[in-house]
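Peer 1: build me a model from this:
(chains A and B)
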Amino acid sequence: MKAWTRHPAFHFLLLGVILCLGDLWMSSGDGTEPVRVLSVGPSRVEQLRGQWQAQAGRLPSAAEEDWLIRQWIDDELLFRQALELDLHRNDPGVCHRLILNMRFLGLDRSGAERQDPDRRALCRRAIKMGLHMGDPVVRRQMAGLMRIALQRSAVPQEISQQQLRDYVESHPARFREPERIRLSHVFLSRDRRAGTLEDDAQRLLRRLRQESVEPRQAVLLGDAFLAGHHLPMSWQRDLKRALGTQFASAVMDLPEKRWSGPVPSSYGLHLVWVHERLPGRLKPLQEVREQAALGVEAERAQQRLATAMQRLREQWEIRREED
Amino acid sequence: MAKGNMTRRSAESPKADLIGCSTLPRLCLAAVLAMALLATALAQECEGRGYSPTKNVYWGDLHTHTAFSFDAVTIGTRTTPRDAYQFAKGAAIGLPPYDQAGQPLRTTQLMRPLDFLAVTDHSEYFGEVRACLTCADPGVSPDECQNFQYSPLVCKALRQTVMNLNNPDGRNIAGALWGSKLFQRVPNRFPFTCGVQVGRSRADDIDVVDCPSLEASVWSEVKTIARDAYQPCEFTSFVAYEWTGTPQGNNWHRNVIFRNESVPGLPISYFESPQGEGGPVKLWRLLERECLEDTPGCDVLAIPHNSNIGLGLFPVPKTAEEAQTQIRFEPLAEIHQTKGNSECRWGVGTTDEECQFELLSRKQLFGNPVEGPTNYQDPSQSPMEAQQQGFELTAETGDTYNYFLRESLKAGLYLGQGLGINPYKTGFVGGTDTHNSTPGSTEEVGFEGQHGLEDNDIPKRLSLATSSGSDPAPSQAFLENNPGGLTAVWAEENTRDSIFDSLTGKETYATSGIRPVVRFFGGWDYPLDMCDQPDFAQMGYQSGVPMGSDLGARPAGDPSPRFAVMAMKDPDSELDARLQRIQVVKGWIDSQGVLHEQVFDVDSDPTEGPFPAHEDYVDLATCEAKPDTPGKDMLCTVWQDPQFDPSQSAFYYARVLQNPTCRWSTYQCIQLEQTEPENNCRQWLATPANADTAPGVIVGYTIQERAWTSAIWYEPK
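Peer 2: Here you go, the predicted structure:
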């Protein structure tokens, strides 16, 4: 293939033409044009059924068959639309396939078919002969091209700050950062204080409160805790990892700057001092701008395709013919 | 040669020397400085959001397959890497079988989410699976798939398998067919799906499916999904794949993990680096060229796994340079996963009683039972000793060191003396190797299997006929499997750079699926009361080195090294199981070049053995813990090597043993007894080692879950 056909600029140009045509077509669909008819006869259904059987080695279920038919209809409509827009003329994938067909049929006697000019000529010749109409791979490729064209907007649309913000707010599960706390804890070991654990904890708690003992001093009155007594600012999941679910569930709501407890963990009991708490928040837009923009664009593309498919279906009358 | 390879070569970037240090040394220095500054800045990306200078433990799985793997999609798995990441973060996932409406009939969910994950689908057949399965999509005309350009055989086998798996009489006709290529010494891709179908003359050759571009598109999807899943400071995803060389049935597999999204355009598969061209050695060479040299910002490591079924897994370097390359790319090895444990095996180079944990009875990925240790090379004639008598150590002849990691660590000391560089200085990680997109699903209770429709119910997992009185035979494969392991990483924060740095630095430990917190430091002057100090970790880093490192220079005064080790029980352990023991495993080489090992119990409850029998901890009728058993929530000590000889190279790693609990198979047998009182699973589980139908199978009612830290090495000056 010639170098210019591989140049990105060429592809952009091509895409532009397609989008333009797509837009023209979409804006022309005002509902006044005559409804066209697509028939799905028993022979077609039988064919789909047979193809399925050839693939799967069994007949499709009713649900599978219904799916097959609906899928065939959509692809057929997209193919016809692509045909009207001449999408088959410049697509390298379509061309590649048509050349293979020509060679298989022995119609490529030029002998120099690997040269680009000859390939293009061969491709044009195949289209003239109508080979693209009957080839399932070409039909599928064209339906795919049409889908992509419908997903893209004719005019690139800016995504406003507000739209990004709306997207983030409507997907809190994805963009929410949970609450964090920073705490110190005095530890009383189950290993070391088997019989007196609960009493020791209550006694020490009273003392810490009465004497207003600072956390730095207080931890020395308990047992050594190998993972540390002064934890960094933590999400609940960090606390779960270090001290287990029971402890992590109990401390998130404790009051700040006073001694609380005893809080149980699977290691023993803990007297807890919460230094500070940062409330949960939706992450600010500057942290998630890229993710949000991708999300908005993906939603828009889905929406555009759905709308366009709906319009396309409305322009056709689908007749499901029984025997 | 298939067209795919030609395209691969021509797709390589020509920019190899753009930032080459040979041409622009000063610029390079500036760049390195800038990158160092940037790295420092990045290292604290998570200040206030998890960053800790003394590091946090993060839990992850570096071995996970989804429907992108040819051997997962052919056993009914439909979930993708996207689902696997969601599952790792805590969402429920569907497992096969599926009903007619496409709804899964089983679901599962992690009790505790993971902190990081690498999805490691098999890079072999990325393109082929996509090409063939596009045709299994209902609505795709089969004509286009059965057309002359496509292979009706291989593709069709895959499609039929996938479309019919949920039918009662559906069979996996494709898995073995596709897998068999990877057993060959120099495999070719299926010529009719990817590459060129040869015609009568060259001009008649037909391009079939453009596999490299399909492969690139799957690979690009893998990257995109990982990017979407990455939440710096909260959850780390790694772009990765599994390289699946299996020559003659020996498991040489490696998980290839990238630091970030700067990765080569295509993954490397066994087809590009087969045994006949060096296997793993070729893989490293290609990674060096395509990643380190040709892709700016690219960094990578490869993690071998299942040495227990992988004769030849560890190549034997001949030069210091080769040893350097090996340890550059493979600083870690996977010690535990669903297909068994690879630490050690009783009778194979060791008489350590704890080396009877989750062993397979076979020596190959798909092999016959070996009937005990005698079928391995006679440990009294180790390859090291034999080598002194003229025996040449190779990957194929060095039987024992190749199967178990403790043996390979020992072999590394030997090779290191000759080469000047120890090529087997590997740390430990664990993984599931799930083929259900369920990373981290390592709980014994409620184990759903890891292999799609092959082990989707209890009878299949226990391989027992459900109702007949006839003799059921335990399958060596699934009864011997276990839920798999986890990787724990000590890192400053939960980001790709921080965790990847800890992986390359081997500051990792592996577990058999539980989540105990374990620290292991080595140094020369730790205070003996360090466990009573409030800042254990800080002292550990200040006066020594963490797991995975080399001991610093020995100070004056002829000390022997001290190891500060602590373990806290899994805070959310099933059944509140406590810890029984911390052990230090030492391996060393003496002046005669003979290798030794010794296992020390360094802290335990009861403080000295013999330890009670497993049945004294667990009620085998119910699997409940018995009351008042010994065990500690925390163990901690500073241990000093009593027999240290400064002239001998040595390694030390810690192993932490939990109190005995029921194995998954016992729970499921009890469950089965409740619905089918007449079945005899218990009898099978009690006497499997003697069963004629399953020679060599040595699963028991109970296990001792455990953790293995990466080692700390000592080398004489």
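
Peer 1: only C-alpha atoms, please: export stretch B:547-563 in CSV.
Peer 2: The C-alpha atoms that make up stretch B:547-563 are tabulated as CSV, following Å, rounded to 0.1, in the frame of the first residue of the first chain:
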residue,chain,number,x,y,z
MET,B,547,14.1,-9.6,54.7
GLY,B,548,15.5,-10.0,51.2
SER,B,549,18.7,-8.2,51.9
ASP,B,550,22.4,-8.9,52.4
LEU,B,551,23.8,-8.6,55.9
GLY,B,552,26.0,-5.5,56.1
ALA,B,553,29.8,-5.7,56.7
ARG,B,554,30.7,-7.6,59.8
PRO,B,555,32.0,-5.2,62.4
ALA,B,556,35.1,-5.7,64.5
GLY,B,557,34.8,-7.9,67.6
ASP,B,558,33.9,-11.2,65.9
PRO,B,559,30.2,-11.1,66.5
SER,B,560,27.8,-13.6,65.0
PRO,B,561,24.7,-12.2,63.3
ARG,B,562,21.4,-11.5,65.1
PHE,B,563,18.0,-11.8,63.7
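
Peer 1: pull out the buried residues from that stretch.
Peer 2: For stretch B:547-563, the buried set under the neighbour-count rule, 16 or more other CB atoms under 10 Å in any protein chain shown, comprises B:547-549, B:551, B:554, B:561-563. Backbone N, C-alpha and C define where each C-beta goes, glycine included.

Peer 1: any idea what the nearest residue to B:Ile712 once chain neighbours are set aside is bridged to?
Peer 2: Taking CB to CB, 6 or more residues apart in numbering or on different chains, and ignoring the residues beside it in sequence, B:Ile712 has B:Gly522 as its nearest neighbour in space, at 3.9 Å. When assigned by DSSP bridges, B:Gly522 has beta-bridge partners B:Val545, B:Phe563.

Peer 1: chain A: strands as residue ranges?
Peer 2: When secondary structure is read from DSSP state E, chain A shows strands at A:36-40, A:176-177, A:180-189, A:234-235, A:259-265, A:268-278, A:281-282, A:316-320.

Peer 1: which other helices and strands contact the fourth one?
Peer 2: Identification of packing neighbours for strand A:234-235 by 3 or more CB pairs under 8 Å, 6 or more residues apart in numbering or on different chains; DSSP states H and E yields strand A:180-189.

Peer 1: ok, the residue nearest to the spatial centre of chain B - contacts?
Peer 2: Among the residues of chain B, B:Glu334 comes closest to the average C-alpha position under CA atoms, centre = their mean, at 3.6 Å. With contacts defined as CB atoms under 8 Å, 6 or more residues apart in numbering or on different chains, B:Glu334 is in contact with B:62-63, B:255, B:303-306, B:342, B:428-431, B:485, B:510.

Peer 1: as CSV, the residues you listed with distance to chain A and pLDDT would be great.
Peer 2: Below are the contacts of B:Glu334 laid out as CSV (distance: CB to the nearest CB, whole Å; pLDDT from 0 to 100):
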residue, distance to chain A, pLDDT
B:Leu62, 18, 98
B:His63, 21, 98
B:Asn255, 24, 98
B:Ile303, 23, 98
B:Pro304, 28, 98
B:His305, 25, 97
B:Asn306, 28, 96
B:Ser342, 26, 97
B:Phe428, 20, 98
B:Val429, 18, 98
B:Gly430, 17, 98
B:Gly431, 19, 98
B:Gly485, 17, 98
B:Ala510, 17, 98
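
Peer 1: so which of the residues you listed comes closest to B:Ala118?
Peer 2: Closest to B:Ala118 out of these is B:Leu62 (4.7 Å), distances taken as CB to CB.

Peer 1: tell me the residue of the stretch 151-300 of chain B that sits nearest chain A?
Peer 2: For the stretch 151-300 of chain B, the residue closest to chain A is B:Met163, as judged by CB to the nearest CB, at 4.2 Å.

Peer 1: shouldn't the residue nearest to B:Ile712 be in contact with B:Val565?
Peer 2: No. The criterion here is CB atoms under 8 Å, and B:Gly522 misses it with B:Val565 at 9.3 Å.

Peer 1: so which of the two has more stuff around it?
Peer 2: For the pair B:Gly522 and B:Val565, the greater number of neighbours falls to B:Val565 (28 against 25), based on other CB atoms under 10 Å in any protein chain shown.

Peer 1: doesn't the more buried one lie inside a strand?
Peer 2: Yes. Assignment of B:Val565 by DSSP: H, G, I helix; E, B strand; the rest coil places it within a strand.

Peer 1: let me know the pLDDT of it.
Peer 2: In this model, B:Val565 is scored at 98, pLDDT.

Peer 1: how about A:Asp86?
Peer 2: At A:Asp86, the predicted lDDT confidence score is 87.

Peer 1: over to the one 5 residues further on?
Peer 2: With respect to pLDDT, A:Asp91 scores 76.

Peer 1: what's the neighbour count on the residue nearest to it when sequence neighbours are not counted?
Peer 2: Nearest in space to A:Asp91, with sequence neighbours left out and distances taken as CB to CB, 6+ apart, is A:Leu145 at 6.2 Å. Residues contacting A:Leu145 under the criterion other CB under 10 Å number 21.

Peer 1: ok, A:Leu145 touching A:Arg89?
Peer 2: No. With contact taken as CB under 8 Å, A:Leu145 and A:Arg89 are classed as non-touching, separated by 11.4 Å.

Peer 1: and the residue nearest to B:Phe536 when sequence neighbours are not counted, how far from B:Val57?
Peer 2: With CB to CB, 6+ apart as the measure, A:Leu226 is the residue that lies nearest to B:Phe536, at 5.4 Å, once sequence neighbours are left out. Remark: distance between A:Leu226 and B:Val57 (CB to CB, to the nearest Å) = 12 Å.

Peer 1: also A:Gln81?
Peer 2: From A:Gln81 across to B:Val57, the span is 57 Å (CB to CB).

Peer 1: who's in contact with A:Pro125?
Peer 2: Pro isn't right for residue A:125; it's Arg. A:102, A:107.

Peer 1: could you tell me the model confidence score at it?
Peer 2: With respect to pLDDT, A:Arg125 has a value of 87.

Peer 1: can you tell me how far it sits from A:His132?
Peer 2: A:Arg125 sits 11 Å away from A:His132, taking CB to CB as the criterion.

Peer 1: what about the strands in the stretch 451-600 of chain B?
Peer 2: Counting by DSSP state E, counting those that start in this stretch, one finds strands in the stretch 451-600 of chain B at the ranges B:486-491, B:508-511, B:517-523, B:544-546, B:562-568, B:579-589, B:595-604.

Peer 1: which other helices and strands contact the shortest one?
Peer 2: Pointing back at strand B:544-546 there. strand B:517-523.

Peer 1: between the strand it packs on and strand B:562-568, how many degrees?
Peer 2: Following axes from the mean of the first three to the mean of the last three CA atoms, to 10 degrees, one obtains 170 degrees for the angle between strand B:517-523 and strand B:562-568.

Peer 1: quick one: strand B:517-523 to strand B:486-491, angle?
Peer 2: Orientation note: strand B:517-523 sits at an angle of 50 degrees relative to strand B:486-491 (the same axes, to 10 degrees).

Peer 1: hmm, B:Lys586 and B:Glu597 touching each other?
Peer 2: Yes. Checked against CB under 8 Å, the pair B:Glu597 and B:Lys586 is within contact range at 6.6 Å.

Peer 1: circling back to that earlier point, list the contacts of the residue nearest to B:Phe536.
Peer 2: Residues touching A:Leu226, when contacts are defined by CB under 8 Å, 6+ apart, comprise B:517, B:519, B:531, B:536, B:566, B:568, B:634, B:636.

Peer 1: tell me how far it lies from A:Pro178.
Peer 2: A:Leu226 sits 26 Å away from A:Pro178 when distances are taken as CB to CB.
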